[in-house]
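# Turn this into a model:
(one chain, ligands or ions: 1)
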Amino acid sequence: MTTHDPDSLSHAEQAALGSGADFWSTKQVGTIPSLTLTDGPHGVRRQVGADDHLGIAASEPATCFPPAVGLGQSWDAELVGKVGQALGAESRALDVDILLGPGVNIKRDPRCGRNFEYYSEDPHLTGVLATSWVSGLQGTGVGASLKHFAANNTEHDRMRSSSEVAPRPLREIYLRAFQRVVQQAQPWTVMCSYNRLNGTYTSQNHWLLTQVLRDEWGFDGVVVSDWGAVQDRVAAVAAGLDLEMPSTGGTTDTQVVEAAEAGTLDSAVLTRRRSDGRARREGGGGPGDADPAFDPETHHALAREVAAHCVVLLKNDVVDTAPVLPLTAGRSLAVIGNFGQTPRYQGGGSSHVNPTRVDVPLDEIRALADGAEVTSAAGFTTDGTGTDAALRDEAIRAAGAADTAVVFLGLAAHQESEGFDRDHIELPAEQIELLEAVVRVQPRTVVVLSHGGVLCLAPVVACAPAILDGALLGQAGGGALADVLYGRVNPSARLTETVPVRIHDTPAYLDFPGEHSHVQYGEGLFVGYRWYDARDIPVTFPFGHGLSYTSFSYDGLELRSAADGITASVTVTNTGERAGREVAQFYVAKPGSSVARPPQELKGHAVVTLAPGDSERVTVLLDRQDLAYWDIRADRWVVEGGTYEVRAAASSRDIRATGTVEVTGDDLVLPLTLDSPSARR
Ligand code: BGC
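Okay, the predicted model is just below:
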C-alpha cells in the first residue's frame, strides 16, 4: 500500500490528515509526514515551548522584516520577493514547512486593527507585491498561506461578523488580490478567515472555497482554517476545507468519520481534498529537510536595505535656503520623542516576531552624525497618562539648542493591534502639542512617524516643514531611518493608503465596524482613492504619494493596444542632482462606461533607478484581465470595448501625462429573458 494513494486510506486516516496534531503541526499518517506551520508574515514566529496564536508566548529569535504596511510602501516587487526568499531560508533553518502569510486583505477602513499586516487599499498593488512574496518564499521549498480568505476587514467581532459585500466589489476589490496570487504564484495553502461572508462562515462557504477558489481559479493546494475558525467541521469539509487548525484532540475527526460512514458527507470529498494538498506540498520541495542556520547579520543588513526603501518622504519644505532634508552630517541635532529611543517597529498579535536584534534610531543617527552633538529627550510618555510638563520642557530646550530637531511621533503598541480596531485615527494630543512647541523654537524640524494604521496628519502638516513616514519598518528600521535622514539612501517609497483629512471623510465611515454582527460594505467599489476621487474629496496625502531628494520628469507617453492588454511606455528622467528611484504609476479610466466605475484605477507601475540627468524608457503591460469589470448579469469578467484613458503619474493626484487608446471589447451575449430590454449593450 502507498499511503500517498488517497483511496488506500481509511476514513479515519483521511479525517486525521485534515486536522492538527497540536497547535502548529499536522499529523503523520502512515508515511505521510507531519508538517509544521508557523506565523508569519514578516518574520518566523517559531514557538518551541508554550504555544498561542496571540503573540504572547516566547518564540525563537528570527529577523523581523518590515511588516506589510511598511514593505508595501516600497512598491517594489523585486525587493518583496527577496524578503520572501529570506523568510524561506529562516523557515527552513527553524524547521518550518509553511509560513502563515501573506495577508492580502484590503484596507477598507483605516481603523481596522490589523491593517499593519496588509499591503494596501488597492487590490492591484496588493496582488502584485504578494505574488512576489509567495514566489520568493516558495522558491526555497517553504509553503505560503494566503490569508485571510476573505473579506476580513475588521477585528471587531471577527469570529462572527458577516461581511455583506455585493458581487462587483467582492470580485473587483476584495477577491482580486487573492485571485492574482493564486493564479500567478500557486500558494501551497490558502487560509480561510474567521468571519462570515454574506451570511456564511468562510470556513463553510462552498461558493468561496470550492466554486471560486478551486473551480474558477484552479487552486490545487490546501485550504487551512484560521486558528479556531471552524464552527462545524463536517460542513467545512463539505464546503472545501482541508485542514482544521489547531488540534481539536480528535473530536472533529470522529465527527467526519461518522458523517462519511453515515453517508451524510460524501467521502469522495475527503479523498480529493487530501490528495490535492499532499501533491502540492511535495511539489514545493518537501518538508523535513531543514537547513542548518541562517546568518542573522546578513538578514539584518537585508532588513535595513529593505526598510530604507519603505520610508516615505511626505513633505520636505525649504527652510532658509534649502529643504530641511537630507540632514547635513556635522551639524548638531536634537532627537526628540519616545520612539527615537524605544522604536515602534512591528504590530501586535499573532505576527509578533522575537527579533534577532533591534536598531535604536538615536544610536544609528549618532553613528552617522560625523561627531556632531546629538542630544535626546523623550518629550512624552506612551502609557496614556497625558502630558508630562517636565518631559515636554526638556524636549523644547533640547530642540531650541540644536541646529535641527528630529521628532519621533507615533502610536504605541497598546493603541493598535490585531484583536481590536481603533475608534479614531488621531495622534495623541500631547504629541501634537509637543510638536507645535518644538516648531515654535526650532523651524528646522523633521517629523518621523511610526504607526501601523493611517493617522490624521493635518495637524502635523500644518506645522512641520519635513515629514518622513516610516509606518512600521521592522528590526532594522532605526538604521534605515538614519540612512534616509542623512541622504545615504534617497527616499523613494510611496503611500499605499490615502491619508484622509479626517475620519469623517473615509469611505466606510458610517458602516464600520457594523452592528449586530453584520457589516454592510455600503461604499461598494469605492474604497480608498476610488472613493476620494469619485467624491472629489480633498485628502492630506493621496495614494501613491512620496517625494525624493531629487526630481523626475515624465515625457513621451505612448499607448498601444494588443491582444493581452495595453502597452504603456513613458520616458522618466532624473532632473535633479542626486541618484534616485522613481515609482512610475499607471492609472486607467474608462470614460462613458456603461457600468459604475471609479474615476481611475491603478493597473501597473514600474520602479526605475536613475543617476542625475539619466533617462529610462519605462514600458508596462496593463493586462487585459485587469481592465475587466465583473458583470453581474453574465456572472463573469467582461472587458468593455471603446476608448480608455491611461495616466502616467507620480501619485494618484500627480498625473504627469495622459493618453487614450482603443480597446476591443469582449463579446457579451446575455441570456434573453422576459425582462430583457429590446436593445442590449
Ligand atoms: C490569525 C492568523 C494566524 C493564526 C495563527 C489567527 O488568530 O488570524 O493570521 O496565522 O492565528 O497564529
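# chain center to the helix or strand that residue 408 is a member of, what's the gap?
Residue 408 is part of strand 404-410 when elements are defined by DSSP states H and E. Averaging C-alpha positions (CA atoms, centre = their mean, to the nearest Å) puts strand 404-410 26 Å from its chain's average.
# Same question for stretch 247-266.
Using CA atoms, centre = their mean, the offset of stretch 247-266 from its chain centre is 37 Å.
# Return the residues in contact with the residue of the stretch 301-450 of the chain found nearest the ligand.
Nearest residue of the stretch 301-450 of the chain to the ligand, counting by CB to the nearest ligand atom: residue 350, 3.6 Å away. Heads up, the C-betas are built off the backbone N, CA and C, glycines and all. Residues counted as contacts of residue 350 (CB atoms under 8 Å, 6 or more residues apart in numbering) are 39, 40, 45, 53, 54, 55, 100, 227, 418.
# And for residue 68?
41, 42, 102, 103, 116, 117, 118, 119.
# that older thread, looking at the contacts of residue 350, which has the most residues close by?
Among these, residue 100 has the most neighbours (other CB atoms under 10 Å), with 29 neighbours.
# What's the separation between that residue and residue 421?
Going from residue 100 to residue 421 by CB to CB, to the nearest Å gives 21 Å.
# Outline the domain layout of the chain.
Recorded structural domains for the chain (assignment: automatic domain parsing) are 6-47+64-284, 297-496, 552-663.
# and the last one, average pLDDT?
Read it as domain 552-663. For domain 552-663, the mean per-residue pLDDT is 98.
# So for that domain, first residue to last residue, what's the gap.
Domain 552-663 has an end-to-end distance of 30 Å (CA to CA, to the nearest Å).
# Next: stretch 257-267.
With CA to CA applied, stretch 257-267 spans 9 Å between its terminal residues.
# Give me the contacts around it.
By CB under 8 Å, 6+ apart, the residues outside stretch 257-267 that reach it are 11, 12, 14, 15, 234, 237, 238, 256, 270.
# Give me the buried positions along that stretch.
Of the residues in stretch 257-267, 257, 259, 260, 265, 267 count as buried by neighbour count, 16 or more other CB atoms under 10 Å.
# Export these as TSV, with columns for distance to the ligand.
Below are the buried residues of stretch 257-267 laid out as TSV (distance: CB to the nearest ligand atom, whole Å):
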residue	distance to the ligand
257	26
259	26
260	28
265	26
267	29
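# so of the residues you listed, which ones are in helices?
257, 259, 260, 267 (DSSP state H).
# can I get these in CSV with pLDDT?
Compiled in CSV, these are given as follows (pLDDT from 0 to 100):
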residue, pLDDT
257, 97
259, 97
260, 96
267, 87
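# Residue 201: which of these is nearest?
Nearest to residue 201 among these is residue 259, at 17.3 Å by CB to CB.
# The one residue in the stretch 451-600 of the chain that gets nearest to the ligand: helix or strand, and which one exactly?
Here the stretch 451-600 of the chain gets closest to the ligand at one residue, residue 452, 14.6 Å apart by CB to the nearest ligand atom. For residue 452, there is no host helix or strand (DSSP H and E).
# Ramachandran angles for it?
phi -100, psi -30 (degrees, to the nearest 10).
# do you know how far the closest residue to the ligand within the chain is from residue 17?
At 3.1 Å from the ligand, residue 53 is the closest residue in the chain, using CB to the nearest ligand atom. With distances taken as CB to CB, residue 53 is found 21 Å from residue 17.
# Give the next helix or strand downstream of the helix or strand of the chain with the lowest mean pLDDT.
When each helix and strand of the chain is scored by mean pLDDT, DSSP states H and E, helix 267-283 comes last, with a mean of 59. Going down the chain from helix 267-283, the next helix or strand is helix 296-308, by DSSP H and E.
# which helices and strands sit right next to that following helix?
The elements that helix 296-308 packs onto, with contact taken as 3 or more CB pairs under 8 Å, 6 or more residues apart in numbering; DSSP states H and E, are helix 77-93, helix 477-485.
# Now do the very next helix or strand once past it against helix 477-485, angle only.
Note on helix 296-308: by DSSP H and E, the next helix or strand toward the C-terminus is strand 312-316. Per axes from the mean of the first three to the mean of the last three CA atoms, to 10 degrees, the angle that strand 312-316 makes with helix 477-485 is 40 degrees.
# Okay, and which of the contacts of stretch 257-267 map to helices?
Among the contacts of stretch 257-267, the residues falling in helices (DSSP H) are 11, 12, 14, 15, 234, 237, 238, 256, 270.
# any weak-confidence spans in the stretch 151-300 of the chain?
272-291 (pLDDT under 70).
# For it, what lies in contact range of the ligand?
226, 227 (CB under 6 Å from any ligand atom).
# could you redo the last one with a cut-off of 8 Å?
Within the stretch 151-300 of the chain, the positions near the ligand by CB under 8 Å from any ligand atom are 158, 191, 193, 194, 226, 227, 228, 245.
# Tell me the one of the ones in helices among the buried residues of stretch 257-267 nearest residue 648?
Distances from residue 648 to those, taken by CB to CB, are shortest for residue 267, at 55.8 Å.
# Distance of that closest one relative to residue 237?
Using CB to CB, residue 267 is found at 10 Å from residue 237.
# what would the buried residues of stretch 257-267 look like in CSV with distance to residue 126?
Formatted as CSV, the buried residues of stretch 257-267 follow (distance: CB to CB, whole Å):
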residue, distance to residue 126
257, 40
259, 37
260, 38
265, 35
267, 38
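# for the residues you listed, which one is nearest residue 554?
Using CB to CB, these come closest to residue 554 at residue 265, 58.5 Å.
# I'd like the distance between the closest one and residue 248.
Residue 265 is 17 Å from residue 248, by CB to CB.
# do the same with residue 500
Using CB to CB, we find residue 500 at a distance of 43 Å from residue 248.
# So for the two, which sits in the more crowded spot?
Just comparing residue 500 and residue 248: by other CB under 10 Å the higher neighbour count belongs to residue 500, 26 against 16.
# Name the residues of the helix or strand harbouring residue 656 that are buried.
Applying DSSP H and E as the criterion places residue 656 in strand 654-663. Residues of strand 654-663 classed as buried: 656, 657, 661, 663 (neighbour count, 16+ other CB under 10 Å).
# my guess is the last one contacts residue 562, does it?
No: contact criterion CB atoms under 8 Å: residue 663 and residue 562 do not qualify, at 9.8 Å.
# Return the closest of the buried residues of stretch 257-267 with respect to residue 173.
Set against residue 173, the nearest of the buried residues of stretch 257-267 by CB to CB is residue 265 (33.9 Å).
# So for that closest one, what's the nearest residue that isn't a sequence neighbour?
Among residues not flanking residue 265 along the chain, residue 259 sits closest, at 3.7 Å (CB to CB, 6 or more residues apart in numbering).
# ok, back up a step: would you mind putting the CA coordinates of the strand holding residue 408 into PDB?
Provided in PDB are the C-alpha atoms of strand 404-410 (Å, rounded to 0.1, in the frame of the first residue of the first chain):
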ATOM      1  CA  THR A 404      17.800  70.800  13.700                       C
ATOM      2  CA  ALA A 405      15.200  68.700  15.600                       C
ATOM      3  CA  VAL A 406      14.100  65.200  14.600                       C
ATOM      4  CA  VAL A 407      10.800  64.400  16.400                       C
ATOM      5  CA  PHE A 408       9.600  60.800  16.500                       C
ATOM      6  CA  LEU A 409       5.900  60.600  16.800                       C
ATOM      7  CA  GLY A 410       3.500  57.700  16.500                       C
END
